[in-house]
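A.B. asks: just coords:
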């Protein structure tokens, strides 16, 4: 994303529920104020209007811009990336590397017969450990004391749970992903 878009000192709602490890650090380090909300364009647009936010974003790659009616627009995002790329001599991979602080599993969908019961089961399994925090904003977010976290979010349209796992290293993402999926699919 164009770096000047991230340095505006107004509030930046940034995907709220799918990126707890990333959310508190990135907008703040660029002059923004992270605000958590539910996933989805209607929730993001309402929150942006409430706070007159210049930018909103979701873990899935959706970016919303105040100056184009809070629309989710890939074209404007691409133009910001191209502008940032043109302002310096590094390759795109180096430009975005500074914004990629965590290894990620990607979103993994699992069919589940009883979504609320499965969320309760996973929360009970992890909530018993010291240093673990959980919250239920738009599903279940579990933050482990060692920097790893995962999010289980129910689909709004299908009997699915969507899993995202992040950690500073891929070596830690894979075993946690497998452990959570085993619980979800049991």
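C.D. replies: Sure thing, it's come through. For clarity, every value in this text was computed on a predicted model and none was experimentally measured. Residues are numbered from 1 along each chain as shown.
A.B. asks: what sits up against the helix or strand residue 116 falls within?
C.D. replies: Per DSSP states H and E: residue 116 is located in helix 115-127. For helix 115-127, the external contacting residues (C-beta atoms under 8 Å, 6 or more residues apart in numbering) are 112, 132, 134, 136, 139-140, 142, 144, 152, 154, 159-161, 180, 183-184. Using the backbone N, CA and C atoms, a C-beta is placed for each residue, glycine as well.
A.B. asks: could you give me the average pLDDT of the lengthiest strand in the chain?
C.D. replies: Longest strand of the chain, by residue count under DSSP state E: strand 160-167. The average pLDDT within strand 160-167 is 91.
A.B. asks: quick one: strands adjacent to that strand?
C.D. replies: strand 103-104 (antiparallel), strand 108-111 (antiparallel), strand 149-154 (antiparallel) (DSSP bridges).
A.B. asks: buried subset of the contacts of helix 115-127?
C.D. replies: Among those, those classed as buried by 16 or more other C-beta atoms under 10 Å are 112, 132, 139-140, 142, 144, 152, 154, 160-161, 180, 184.
A.B. asks: can you name the two of those residues that are farthest apart?
C.D. replies: The largest separation in the buried ones among the contacts of helix 115-127, counting by C-beta to C-beta, is between 132 and 160 at 24.3 Å.
A.B. asks: which other residues reach the longest strand of the chain?
C.D. replies: Contacts for strand 160-167 (C-beta under 8 Å, 6+ apart): 18-19, 21-22, 59, 102-112, 115, 118-119, 139, 147-155, 173, 176-177, 180-181, 184.
A.B. asks: that older thread, which one of the strands paired with strand 160-167 lies closest to residue 43?
C.D. replies: strand 149-154 (12.3 Å).
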